[in-house]
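Visitor: sequence unknown, structure follows:
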DNA sequence: CAGTGGTCTAGACCACACT
DNA sequence: GTGTGGTCTAGACCACTGA
C-alpha cells in the first residue's frame, strides 16, 4: 500500500449536517477549507514531493470521510493558487519549478518571443545580511545569508543582473556547482536539494540609473536607466526565504504584466 | 415582472445527460461554459448595468433550464475574473469601477499607505492617432482618438504623468468637464457615460530618462530616471479601447506586483 | 420572515490517458 | 478496461441580509 499521510486527521475535522455540529457564526470555517488546510500541511511537510502525484480525489474523500465534491473544491483552490496541477485522466500533481522554469520571470524581448532563457552564475558565497536583506528575510542584521550573483540571458543576450539573497539557515550548503547544472533553474535546485518550494512572490519596481558594476554586466554605459526589480519570495506558510534585486535592461526588453 | 434578457436562449443550449445529446470529443464545451457565455453576452450587451444586481442563481437556473450548481460554476468563473461580484445574502452584482477606484493602479508610496488618490486632468482633445496608438487600438493611422493628459497625485504629491488615448468612435463625446467631477475616475466616467467597461489590461514597463516635459510635470530634473508604463485596456470581447503611457516617479514610489 | 448566496452530499455519467 | 479528473443533477441545509 502506498504511503499515507494524515494518520488520524479525521479526528479534528468538524463535520457538517447530521454529524458533528459546527459552531454557529463566529469564525465559521467550511469543510473544504479544512480539507484544503490538511492538504497544505501535507505539502508543507513534504509528504508529497514536487512533481509527484497526490492521492486521487476518491481516495482523499475516503480518507477524510467527506464527499468527492468537497475534496474537489479544496483542490480547486490549491490548483488556482498553482500549488497543485490537475491533469485530466492522469491525476493531480504537486506543482514544481522543474515543470515551469522561470515561472516568475516577467522580462520579455520587445520583438519576437523568448526563444532561450538561461542564467550564468557568477558567484555563490555566504555573507552577513545587511539591513535591507535582513529586513526582507525577517532575520537579524548580520545573520549568514547566501549571496548569488548571476546574469540572465534572453536569446543569448544579457538582459538582467541578479543579486540573490537566501536565508542561511535553509540554504547554507548551496554551492556554485549546484547552480551550474544545465536545465535546472535556481528554484528547481532549491526544491530538489533543499526541499523548499517557492510558491509566491512580491515585487517592487523602480527606474534607476546604472552604476559602473551594473553597466558592465549588462553591456551598458554608466548612467543609463535600468529597471530595478526587488523581489521577496515565499514558501509555505508565507515564510520569506529569498530576497533579490534584479537590474534589467529595458532598451530591448520590457517587464510584462497583466491586470484584471 | 423584472426585465429579462435571453428571450429564447434555451434553444441553443446543448443539454447533457438524458436530454439533448452532446457531441463526443471534438471541441466539447461544458454546459456551465455555455451559461457563462450567455451571461457574458448579457453583460456585454448592457442588459445589466455596472453596479446593479443580476438575477438570482435560482432564477437563472430556471431561465436556462439547468441546475443551480451549473449556474454557480459559471458565476464562479466570472466572479474570479472580477466581472461579477458576489455578496452573500444580498445577491450577485455587475462589477463597477465606481466601487473599485483605481483598480489597475499599481503605484504605491514607499512609506505609509496610499491615503489619497486623485487625478488632475490637464487636457482632453481629439487628435489623429499616431502609429503607436493606432497599432495598440487596432485602428488605422490617423483615425481620430481622444487624448487625455493628466497628473496622478498620491497623498497630494504628483506621482505620475499620464497620456491616455481612447478610440474616437467610442469616446468622441468625451469632454474635460466629464473628467473633472469629484469622486469619479476616468474608467468610472467611461462606464457611466459611454457604457464601456474596462475589464482587463496589459502593461509593459521600462526604465527611461525624463525629458523636459515629463520632468516639469513630475517636479524632477531632465535626465532623471522614470518608470514608463504602457497600458492597453480591454473591454468585453478582448476589444482594445484604451492605450496609455504613464511616466512614474519611482524615487518615492514603486510599482507593486504580486506573482504566483 | 423570505430571499440571497454558500456548503455538502450521493449518485450518475462523460472525457481522457494509460495499459 | 480501469482509473483518473470533469460535469451535472436534485435536494437538503447553513449563513447572511434586510424588510
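Guide: All right, it came through fine. Every value quoted in this text rests on a predicted model; they were computed, and no experiment measured them.
Visitor: contacts, neighbours, all on C-alpha from now
Guide: Will do.
Visitor: now the residue lying closest to residue A:185 once chain neighbours are set aside: how far from chain B?
Guide: Leaving aside its sequence neighbours, residue A:185 sits nearest to residue A:101 (Cα to Cα, 6 or more residues apart in numbering or on different chains; 6.3 Å). Residue A:101 is 13 Å from chain B, where distance means Cα to the nearest Cα, to the nearest Å.
Visitor: who's in contact with residue A:101?
Guide: For residue A:101, the contacting residues are A:184-185, A:188, by Cα atoms under 8 Å, 6 or more residues apart in numbering or on different chains.
Visitor: in chain A, which spans are strands?
Guide: For chain A, the strands defined by DSSP state E occupy A:53-54, A:84-87, A:91-94, A:107-109, A:117-128, A:144-154, A:157-167, A:200-209, A:225-235, A:239-248, A:253-259.
Visitor: can you redo those as CSV with distance to residue B:63?
Guide: What follows is the strands of chain A, written out as CSV (distance: least, Cα to Cα, whole Å):
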stretch, distance to residue B:63
strand A:53-54, 40
strand A:84-87, 32
strand A:91-94, 35
strand A:107-109, 46
strand A:117-128, 51
strand A:144-154, 52
strand A:157-167, 55
strand A:200-209, 41
strand A:225-235, 45
strand A:239-248, 48
strand A:253-259, 33
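Visitor: so which of the ones you listed is nearest residue B:194?
Guide: Closest approach to residue B:194 among the strands of chain A is made by strand A:253-259 (21.9 Å; Cα to Cα).
Visitor: packing partners of the closest one?
Guide: Of the remaining helices and strands, those touching strand A:253-259 by 3 or more Cα pairs under 8 Å, 6 or more residues apart in numbering or on different chains; DSSP states H and E are strand A:107-109, strand B:200-209.
Visitor: tabulate the strands of chain A (CSV), appending mean pLDDT, mean neighbour count and distance to residue A:37.
Guide: CSV is the format used below for the strands of chain A (pLDDT from 0 to 100; neighbours: other Cα atoms under 10 Å in any protein chain shown; distance: least, Cα to Cα, whole Å):
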stretch, mean pLDDT, mean neighbour count, distance to residue A:37
strand A:53-54, 98, 18, 15
strand A:84-87, 98, 17, 13
strand A:91-94, 98, 18, 15
strand A:107-109, 98, 19, 34
strand A:117-128, 97, 17, 35
strand A:144-154, 98, 21, 31
strand A:157-167, 98, 23, 26
strand A:200-209, 98, 22, 17
strand A:225-235, 98, 24, 15
strand A:239-248, 98, 23, 16
strand A:253-259, 98, 18, 28
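Visitor: which one of those strands lies nearest to residue B:69?
Guide: Closest among the strands of chain A, using Cα to Cα: strand A:84-87, at 21.1 Å.
Visitor: counting contacts, what elements does the closest one pack onto?
Guide: Against strand A:84-87 (3+ Cα pairs under 8 Å, 6+ apart) you get helix A:68-80, strand A:91-94.
Visitor: any chance of JSON lines for the ones you listed, columns distance to residue A:244?
Guide: JSON lines is the format used below for the helices and strands packed on strand A:84-87 (distance: least, Cα to Cα, whole Å):
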{"stretch": "helix A:68-80", "distance to residue A:244": "26"}
{"stretch": "strand A:91-94", "distance to residue A:244": "25"}
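Visitor: among those, which comes closest to residue B:112?
Guide: Per Cα to Cα, nearest to residue B:112 of the helices and strands packed on strand A:84-87: helix A:68-80, 30.9 Å.
Visitor: tell me the buried residues in that closest one?
Guide: The neighbour-count check on helix A:68-80 (16 or more other Cα atoms under 10 Å in any protein chain shown) flags A:68, A:70-76, A:78-79 as buried.
Visitor: quick one: mean pLDDT for it?
Guide: Across helix A:68-80, the average pLDDT comes to 98.
Visitor: tell me what it is packed against?
Guide: For helix A:68-80, the packing partners by 3+ Cα pairs under 8 Å, 6+ apart come out as helix A:31-45, helix A:57-64, strand A:84-87.
Visitor: can you pull the contacts of residue A:168?
Guide: Counting by Cα under 8 Å, 6+ apart, residue A:168 has contacts A:126, A:143-146.
Visitor: highest neighbour count among the contacts of residue A:101?
Guide: Greatest neighbour count in these, by other Cα atoms under 10 Å in any protein chain shown, goes to residue A:188: 24 neighbours.
Visitor: right, and that residue touches residue A:95 too?
Guide: No: using Cα atoms under 8 Å, residue A:188 makes no contact with residue A:95, being 11.1 Å away.
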